[in-house]
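Participant: sequence isn't available, so here's the structure alone:
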């Protein structure tokens, strides 16, 4: 009797699911994540000091408190709303976000956005750890401990080791950590907010420095890119990595709402808190801004501050490890998590010796949006318009060189490159290298995320139109995908 050849099986076969460390699609019987899990995961990732620092950024740029709150609310309504559609991709397919990129970019073409995301996750680990160090040292000083840079480096090592160990154990460890620690953190945050607003002379009618016209629009657009729409965009590439564990039977609106609200509520809360505190002292020193306000609450605030980067970075480290697998790096996922931790530690220590906080932070955020906005637009067009939410899942796992998807899909790659250029062209960051000619022509107004999304999404929709006409016959209907041998 003839046996099935690998070539025969490749037409309808995907790798066996071997647990949460596997890159294979999550089968229905292994999907146990609840709406609550999704809410706590995303809320925990955003209860981080970086959000109150970014909220204060608008005040330091001269905006009124009303302007900052307006940008925060409107921007995040749009950004988190779009994020919800990426969450649904994971629930529908059971596949990680970067593996899904193969359907648009090709088997090897997806290496391009995946490599960007891999580097970004390492960078975010460093940024999120670094940004709390001033807070940590200032809070320790409040307790009578003065350690300077030595204390900062020690804090880096402790924080990084903790988050790497949690992330190395995978999704269930992450979900459990967020489920049991985030509610406590929210209680501390609520107490901190009440004390701050009651104790400090917040100027609720703060009118800024009188910015008007294009100067006002320029400052508002910078905040929009940093913590408005740009903040929601920054999470697109992570969404499916965690929603793939949600059962298909859960109503889409429920998982959408749980995930989007998990992001929206803490970002707005912390952003507004940072902005209101900044009206008391417009200086954007992330340590003194908080510490000067709390005194006796130094210890619980210190716990909140230390929790922030850990809750965020366990997502970064886990997503980095699945990115490495998507790049066909055949190394155990736990080993990748440890390597990511080492690289992020080195980057964080380097940042400790950087003096220009605003330049480094804005440069990082602006450079991140440069690639995520066009990639996100391409994936939305591909999943919801070209493939009509039906992805040939087994084809995502064909080997390079023999993939039915093709190694490179140039329509997506061309759109991606053009979108990156458009994003840079309309970017206006603090570093001069991130101040594009389009933004300067508009009076220094940053529309980078919009320009990149329209350019990449529009070009891909045109170039990929022929794929849409043929997608109906080649797509695999979710719910009938073969996820095992």
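Facilitator: Great, that's in hand. Note that this is a predicted model, so its numbers are computed, not measured.

Participant: how about stretch 302-320: buried residues?
Facilitator: For stretch 302-320, the neighbour count (16 or more other Cβ atoms under 10 Å) marks 302, 304-320 as buried. Heads up, the C-betas are built off the backbone N, CA and C, glycines and all.

Participant: wouldn't residue 161 be in contact with residue 341 here?
Facilitator: Yes. Between residue 161 and residue 341 a contact is recorded at 7.3 Å, counting by Cβ atoms under 8 Å.

Participant: quick one: which of the two has more around it?
Facilitator: A direct count of neighbours by other Cβ atoms under 10 Å for residue 161 and residue 341 places residue 341 higher, at 23 against 13.

Participant: excluding its backbone neighbours, what's nearest the more buried one?
Facilitator: residue 164 (3.6 Å; Cβ to Cβ, 6 or more residues apart in numbering).

Participant: run the chain-centre distance for stretch 429-442.
Facilitator: The chain centroid and the centroid of stretch 429-442 are separated by 24 Å under Cα atoms, centre = their mean, to the nearest Å.

Participant: tell me the first helix or strand C-terminal of the helix or strand where residue 166 lies.
Facilitator: Using DSSP states H and E, residue 166 falls within helix 148-168. Downstream of helix 148-168, the first helix or strand assigned by DSSP H and E is helix 171-199.

Participant: give the buried residues for that following helix.
Facilitator: Under 16+ other Cβ under 10 Å, the buried positions of helix 171-199 are 171, 173-175, 177-179, 181-182, 185-186, 188-189, 192-193, 195-196.

Participant: re earlier: what angle do the helix holding residue 166 and helix 171-199 make?
Facilitator: With axes from the mean of the first three to the mean of the last three Cα atoms, to 10 degrees applied, the angle from helix 148-168 to helix 171-199 works out at 140 degrees.

Participant: contact partners of helix 148-168?
Facilitator: Contact with helix 148-168 is made by 125, 129-130, 132-133, 136-137, 140, 145, 147, 173-174, 177, 306, 309-310, 313-318, 321, 333-334, 337-338, 340-341, 344-345, 348-349, 352-353, as judged by Cβ atoms under 8 Å, 6 or more residues apart in numbering.

Participant: could you list the buried residues of that helix?
Facilitator: For helix 148-168, the neighbour count (16+ other Cβ under 10 Å) marks 151-152, 155-156, 159-160, 162-168 as buried.

Participant: same question for stretch 328-336.
Facilitator: Quick answer for stretch 328-336 (16+ other Cβ under 10 Å): 333, 334, 336.

Participant: tell me which of those is nearest to residue 248?
Facilitator: Ranked by distance to residue 248 (Cβ to Cβ), the buried residues of stretch 328-336 are led by residue 333 at 24.7 Å.

Participant: any chance you could map the helices in the stretch 1-150 of the chain?
Facilitator: Secondary structure of the stretch 1-150 of the chain (DSSP state H, counting those that start in this stretch): helices located at 6-9, 35-46, 49-60, 65-93, 97-105, 111-130, 133-142, 148-168.

Participant: out of the ones you listed, nearest to residue 415?
Facilitator: That would be helix 97-105 among those, by Cβ to Cβ, at 9.1 Å.

Participant: low-confidence ranges in the stretch 101-250 of the chain?
Facilitator: Where the stretch 101-250 of the chain drops to pLDDT under 70, the residues are 142.

Participant: same thing but 80
Facilitator: Filtered on pLDDT under 80, the stretch 101-250 of the chain yields the residue ranges 131-132, 134-149, 170-171, 199-200, 226.

Participant: separation between residue 122 and residue 329?
Facilitator: According to Cβ to Cβ, to the nearest Å, residue 122 stands 14 Å off from residue 329.

Participant: same question, residue 219
Facilitator: As defined by Cβ to Cβ, residue 219 lies at a distance of 42 Å from residue 329.
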